[in-house]
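K.L.:
any chance you could fold what I've pasted below:
(chains A and B)
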Amino acid sequence: MAIPSYATRGERIWHYAFRGICALIFLFLVGPLLVIIPLSFNAAPYFTFTQEMLTFDPAGYSLRWYQDFFTSSAWLNAIKNSFIIGIASTILATVLGTIAALGLSSRYMPARGLVMALLISPMIVPLIISAAAMFFFFSRVNLAQTYLGVILAHTALGIPFVVITVTATLSSFDTTLIRAAHSLGANPTRTFFKVVLPLVTPGVVSGALFAFITSFDEVVVVLFIAGPEQRTMPIQMWSGIREQISPTILAVATLLVLLSMLMLTTLELLRRRSERLRGVTPG
Amino acid sequence: MSDSSAPLTTADGVPLKVSLRRAVRRSKIKALLLVAPLLLFLVIAFVIPIFEMLTRSVANPEVSNHLPRTVAALEDWDRQDVPGEPAFAALVEDLLEGQEARNLGLLASRLNYERSGMRSAINRTARGLRTMEPPYREAVIEANARWGELDTWKIIQREARLYTPSYYLAAVDRQLTPDGEITRAPDNQQIHVSLFWRTFWMSGLITLMTLLLGYPIAFLLASLPLRHSNLLMILVLLPFWTSLLVRTTTWIAILQSQGVLNDVMVFLGVIADDARWQMIHNKIGTVVAMTHILLPFMILPLYSVMKTIPPSYMRAARSLGGRPFLCFRRVYFPLTIPGMAAGGILVFILSIGYYITPALVGGQSGRFITNYIAYHMQTSLNWGLAAAIASILLFVVVVFYMVFNRLVGVDKVKLG
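P.N.:
Next comes the predicted model:
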């Protein structure tokens, strides 16, 4: 959308004004994440820039909040819990979700719309309602305050993401490739592993990433059904924000921003790979 | 010639139609079997719990469980005057049993929701039970005057039913009179309706904000060449992928009165140091933080709709002599309405169900109805009321979800 040479003066002004507005909105989107990174190196226990920081005085900066984070048993334990719960529920959600997506994308799947709506409902039902419901149910079947309980709950929450991404990948899957493989003499198993799986993998991996981040970032359900044993990172942050506002949270936040950058890069690489495999030239 | 009238068959003699029907049935069963494990898991771990919670919003077992003899004694009561000695004797027996089993607390709080003062009536009476001598009528009334009131007995009789509408009525700030008529709750207890409205209008405001901010971004992304728009898309996806708590924390750091934004404005001389703006722990905090959090959910569906609008439409409109604004309003804008609807409903649904952000940055005035569900679950322990509020919220969400599904289709949701 470059400006055409015949544009009037008003159009030129509007063109630059529009770009300016967009820049401001982008600043609103990313700015807060960028503000928090330097703040996490604050030597003083404040949530704002000190005079020393603004004058780039090295004394104004320190790694004390990172040190605090990496030496605190509460935080380390919370990270460990988050990874245990996140990985276990991701594996469960990905396996169940991928198998189901294969069935869902079949032409003969009966009541497809209804089943799909049901499978996606954990994403739509407000978390507080899911949390309350699971609290009652899990306490009754003795799953409350156990790792298994939290893992099963997070599996349910992660499933919609796996189902959505994998069915989306399968819907753009060219079924003539399967026929081509068969005609070249491959048996169904070989076809699945040599043709279907490589093309579907990006969808499965990005679904798994979504499921993992959902679990890794989930507070409400854990707040209701987990005991002190299963304290996760978000819970530790939640109580940190509510009770004692310590800048250690800013260090954690910075690390999590880096984590999301990593995830985003992975997804982008996956997208490019699948485009390459499909023969679409990346733009 | 005779062959053409015979039905077509497969090699082993089965009519083709039958064989085809079998194949379709087999494929159907295969598809169902693939979906079955997940469906079963979700039904057990998610659907049944939700359903159970819904039943909790009308379940009313306390009175009939803990006062069975009293309820039986009240069966042929004329409701004109406080019942006679048999009902009181039954009450004493029921309370004694409850005291043994140490479960009078449930009964006491249940009756206290209907009529304040009942908790202490039950607790005080229970304390003196051991030394109580017949006739019980006088002794019990002496222990607590509530038992001498007609309304107390009417409520016990009414709440003996296994299902009650009272939690739903309480969720919309209504209550039943002892005679079973619906009235408004006392003024100091009328909080839920206003919280529902506040949740809805603030979610509407947040939806509008995301639309206003998201539309230009989606438009820019859709009209730039892919190489540039992919780069800019990262700026949208990065916050989308960043932890909700991180984003809420950053807004606390930025908006609080000793925070970055206030410091900048004091430095620039816009505001005085002693007149810093209170931008957090109120409505502003909730709206700003949630607009930021939900903005990608508006941009992504809008972008995918705008991407499908051929640029030649605008060029055609321009070549027919339309001024840029007119072309936009008459040609481009109407084509983006499906995207606006999809993003709008999505943001609205997500927004009315948000709990964390309003709880952390909303303060007293920026709280949502969800925060009250948590309050009744964890603090007041009125689980029936929490379930009733949750089911009303769930109903609203499901209605919008169905509209969304009709308009867009859940499986069309793109996640970056």
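
K.L.:
for the residue in the stretch 101-250 of chain B that chain A sits nearest to, what are phi and psi?
P.N.:
Taking Cβ to the nearest Cβ, chain A has its nearest neighbour within the stretch 101-250 of chain B at B:Leu226, 2.7 Å off. (Each C-beta comes from the backbone N, C-alpha and C, glycine too.) For B:Leu226, the backbone dihedrals (degrees, to the nearest 10) come out as phi -50, psi -40.

K.L.:
B:Gln175 now?
P.N.:
When read as degrees, to the nearest 10, the backbone of B:Gln175 gives phi -150, psi 170.

K.L.:
okay, and the beta partners of it?
P.N.:
Listed beta-bridge partners, B:Gln175: B:Thr183 (assigned using DSSP bridges).

K.L.:
wait, it touches B:His192, no?
P.N.:
No: taking contacts as Cβ atoms under 8 Å, B:Gln175 lies outside contact range of B:His192: 11.8 Å.

K.L.:
of the two, which one has the most company?
P.N.:
Neighbour totals were compared for B:Gln175 and B:His192, and B:His192 leads with 21 against 17 (other Cβ atoms under 10 Å in any protein chain shown).

K.L.:
low-confidence ranges in the chain?
P.N.:
No chain specified, so I'll use chain A. Scanning chain A with the threshold set as pLDDT under 70 gives A:1-2, A:244, A:278-283.

K.L.:
look at chain B instead
P.N.:
Those would be B:1-5, B:409-416, if you go by pLDDT under 70 across chain B.

K.L.:
in it, which helix has the most residues?
P.N.:
helix B:192-223 (DSSP state H).

K.L.:
pull out the buried positions in that helix.
P.N.:
The neighbour-count check on helix B:192-223 (16 or more other Cβ atoms under 10 Å in any protein chain shown) flags B:192, B:195-196, B:198-200, B:202-203, B:205-207, B:209-211, B:213-223 as buried.

K.L.:
ok and the next helix or strand after that helix relative to helix B:192-223, angle-wise?
P.N.:
Using DSSP states H and E, the helix or strand that follows helix B:192-223 in sequence is helix B:226-241. Orientation of helix B:226-241 against helix B:192-223 (axes from the mean of the first three to the mean of the last three Cα atoms, to 10 degrees) gives an angle of 160 degrees.

K.L.:
show me what helix B:226-241 is packed up against.
P.N.:
With contacts defined as 3 or more Cβ pairs under 8 Å, 6 or more residues apart in numbering or on different chains; DSSP states H and E, helix B:226-241 has these neighbours: helix A:9-39, helix A:248-278, helix B:192-223, helix B:283-306.

K.L.:
ok, residues contacting the one helix or strand B:Arg69 maps to?
P.N.:
Element membership for B:Arg69 (DSSP H and E) is helix B:68-73. By Cβ atoms under 8 Å, 6 or more residues apart in numbering or on different chains, the surrounding residues in contact with helix B:68-73 are B:63-64, B:83, B:86-87, B:89-91, B:93-94, B:156-157, B:160.

K.L.:
hmm, who's touching whichever helix or strand comes after it?
P.N.:
Sequence order places helix B:85-101 as the next helix or strand after helix B:68-73, per DSSP H and E. With Cβ under 8 Å, 6+ apart as the test, helix B:85-101 has contacts from B:66-70, B:72-74, B:77, B:104, B:107, B:122, B:125-126, B:129, B:132, B:134-137, B:140, B:147, B:153.

K.L.:
do stretch B:153-168 as well
P.N.:
By Cβ under 8 Å, 6+ apart, stretch B:153-168 touches B:57-64, B:67, B:70-71, B:74, B:77, B:79, B:82-83, B:87, B:110-111, B:113-115, B:118, B:175-176, B:178-180, B:384-385, B:387-388, B:392.

K.L.:
so how do I select the buried members of the residues you listed in ChimeraX?
P.N.:
Entered in ChimeraX, the line below selects the buried ones among the contacts of stretch B:153-168, by 16+ other Cβ under 10 Å:
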select /B:57,58,59,60,62,63,67,70,71,74,77,82,83,87,110,111,113,114,115,118,175,176,178,384,385,387,388,392
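
K.L.:
got the contact list for B:Thr357?
P.N.:
By Cβ under 8 Å, 6+ apart, the neighbours of B:Thr357 are B:244, B:248, B:286, B:289-290, B:293.

K.L.:
just the element for it, please.
P.N.:
Using DSSP H and E, B:Thr357 sits within helix B:356-361.

K.L.:
what residues does the helix or strand just after that helix touch?
P.N.:
The element immediately downstream of helix B:356-361 (helix or strand, assigned by DSSP H and E) is helix B:369-378. Helix B:369-378 is contacted by residues A:126, A:128-129, A:132, A:135, A:224, B:191-192, B:195-196, B:198-199, B:352-355, B:358-359, B:362, B:382-383, B:385-386, B:389-390, B:393 when judged by Cβ under 8 Å, 6+ apart.
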